[in-house]
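Novice: Quick one, structure for this:
(one chain, ligands or ions: 1)
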Amino acid sequence: MAILEVDGLRKEYGDFPAVEGSTFAIERGEVFGVVGPNGAGKTTTLKMLAGLVEPTAGTAVVAGRQPGEPAMQRRLGFLPEESPLYEDMTATDYLEFFADLYDVPGEVATERIADTLDRLDLEHRDRRIGNMSKGMKRKVAIARALVNDPDVLIFDEPASGLDPLTTNYIIEFTRELSEQGKTIVFSAHNLYHVESICDRVAVMNDGRIIARGSVDEIRDEHGGTEYHVYATKDGSDALDDDQSRAIEVTREETNDGQQVRHVVADMASVEAIREAVEAEGGRVTDIQTKTPSLEDIFLEIASGADPDAERNRTRNRDAEAEP
Ligand SMILES: Nc1ncnc2c1ncn2[C@@H]1O[C@H](COP(=O)(O)OP(=O)(O)OP(=O)(O)O)[C@@H](O)[C@H]1O
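Specialist: Have a look, this model is predicted:
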């Protein structure tokens with residue numbers, strides 16, 4: 001059953017549509033990534049889910065409640081992109097203060113806060129927040145989002161601008177939260193992280209969701225796996241243009257000029273190339289599969305360019321190991 005349902009959610013700032021009617025549902029326990037270039041509408045979407053921005057139209061229902069309702073706020077934890085903290089307080093005092101606002105009983109709060117800070121590996125928790133490093137402050141902000149033990153977590157760029165070690169720590173911690181059964185919606189620019197922990201993803205551009213699904217589904221929809229078939233030149237030249245257009249994405253000589261690389265989209269086309277090459281006395285020397293990363297796909301769909309052309313352009317830039 002969906003724990004979070006969004007229907008036609010829209011936000012206009014003046015005449016400017018920051019989010020143009022998003023519709024999606026998130027299942028209990030899912031990790032759902034929202035990705036897109038700067039200004040795509042990710043933060044506005046997340047803030048509408050958290051009840052911090054009033055939608056111009058449409059609805060968002062979290063755990064059966066409208067954003068902003070007190071009963072819903074108790075079940076939700078929000079980590080803003082930038083979270084100002086009370087610099088004069090220690091982490092522990094600050095988190096106890098927020099636990100109190102959520103009416104978490106004192107002993108439960110003390111135990112929960114200590115446990116969360118242990119799991120986040122936050123040292124110097126009695127240091128003034130103002131004297132903490134950026135990574136430590138981010139961990140305190142994450143702990144604040146967890147102080148009410150929410151079912152649904154909305155994390156806006158949880159690890160942005162942090163060193164690789166702290167980033168990995170936070171991503172792994174997010175994975176652990178999901179394994180505990182929390183539902184997590186998060187935005188990130190690092191698509192490797194999104195791909196590594198998200199069950200499903202929404203790709204936003206100019207206020208619209210332009211692709212949605214598991215990374216594999218998005219990959220299939222936008223080109224899927226490619227097969228690179230390397231063959232001797234003699235046989236390759238025998239493929240006539242009509243035959244080639246029907247099955248090949250691209251065909252080009254390898255750098256050493258000795259072979260031809262045929263790029264095709266499915267195994268049937270691999271076999272068709274092999275037959276055509278062998279019929280002319282040539283032979284296939286190697287077959288490689290290339291699976292586009294979420295980053296490749298993102299560049300392709302966010303650029304709005306012809307998907308195949310864009311993917312090939314990106315791929316061809318990368319030096320490939322040729323047999
Ligand atoms: N309070 C506001 N008033 C006017 N325009 C706004 C406001 N908040 C956001 N916008 C505009 O709405 C659009 C979407 O902004 P949003 O912050 O949601 O994008 P984003 O995808 O989170 O971007 P980023 O990756 O840079 O954080 C942008 O063009 C932004 O300038």
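Novice: quick one: contacts of the helix or strand that contains T289?
Specialist: Here T289 sits within strand 284-290, counting by DSSP states H and E. Applying C-beta atoms under 8 Å, 6 or more residues apart in numbering, the contact partners of strand 284-290 are 225-232, 259, 270, 273-274, 277-278, 315, 320, 323. Every C-beta, even on glycine, is put in place using the N, C-alpha and C of the backbone.
Novice: go with 6 Å
Specialist: T225, E226, Y227, H228, V229, Y230, A231, R274, V277, P323 (C-beta atoms under 6 Å, 6 or more residues apart in numbering).
Novice: what about the residue lying closest to the first one once chain neighbours are set aside, neighbour count?
Specialist: Among residues not flanking T225 along the chain, T291 sits closest, at 5.0 Å (C-beta to C-beta, 6 or more residues apart in numbering). Other residues near T291 come to 10 when the count uses other C-beta atoms under 10 Å.
Novice: What backbone torsions are found at T291?
Specialist: phi -100, psi 120 (degrees, to the nearest 10).
Novice: wait, isn't it in contact with Y227?
Specialist: No. Judged on C-beta atoms under 6 Å, T291 makes no contact with Y227 at a distance of 10.5 Å.
Novice: quick one: the helix or strand where A268 lies to strand 284-290, angle?
Specialist: Per DSSP H and E, A268 falls inside helix 267-279. On the basis of axes from the mean of the first three to the mean of the last three C-alpha atoms, to 10 degrees, helix 267-279 is oriented at 160 degrees to strand 284-290.
Novice: Would you mind pulling up the elements that helix 267-279 packs against?
Specialist: strand 226-232 (3 or more C-beta pairs under 6 Å, 6 or more residues apart in numbering; DSSP states H and E).
Novice: One more pass at 10 Å, please.
Specialist: strand 226-232, helix 233-236, helix 241-247, strand 248-253, strand 259-264, strand 284-290 (3 or more C-beta pairs under 10 Å, 6 or more residues apart in numbering; DSSP states H and E).
Novice: follow-up on the earlier one: check the residue nearest to T225 and give its pLDDT.
Specialist: On pLDDT, T291 comes in at 81.
Novice: Okay, now the unreliable bits of the chain?
Specialist: 223, 238, 240-246, 248-249, 304-323 (pLDDT under 70).
Novice: Let's see that with 50 instead.
Specialist: For the chain, applying pLDDT under 50 flags the ranges 305-322.
Novice: What segments of it are helices?
Specialist: Per DSSP state H, the chain carries helices over the ranges 42-49, 70-73, 91-101, 106-119, 134-146, 164-179, 191-197, 215-221, 233-236, 241-247, 267-279, 294-303, 307-317.
Novice: Buried deepest among these, which one?
Specialist: Comparing the helices of the chain by mean neighbour count (mean count of other C-beta atoms under 10 Å), helix 42-49 ranks first with a mean of 24.
Novice: what's that one packed up against?
Specialist: Partner elements for helix 42-49 (3+ C-beta pairs under 10 Å, 6+ apart): strand 2-13, strand 16-27, strand 31-35, strand 57-62, strand 76-79, strand 152-156, strand 183-187, strand 200-205.
Novice: Save those strands as CSV, and put in distance to the ligand too.
Specialist: Formatted as CSV, these follow (distance: least, C-beta to the nearest ligand atom, whole Å):
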stretch, distance to the ligand
strand 2-13, 3
strand 16-27, 3
strand 31-35, 8
strand 57-62, 15
strand 76-79, 13
strand 152-156, 7
strand 183-187, 7
strand 200-205, 6
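Novice: Buried only: go through the contacts of strand 284-290 for me.
Specialist: Neighbour-count burial (16 or more other C-beta atoms under 10 Å) is assigned, among these, to E226, Y227, H228, V229, Y230, A231, R274, V277.
Novice: Output those residues as TSV; include the columns distance to V140.
Specialist: Formatted as TSV, the buried ones among the contacts of strand 284-290 follow (distance: C-beta to C-beta, whole Å):
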residue	distance to V140
E226	45
Y227	49
H228	48
V229	54
Y230	54
A231	59
R274	59
V277	62
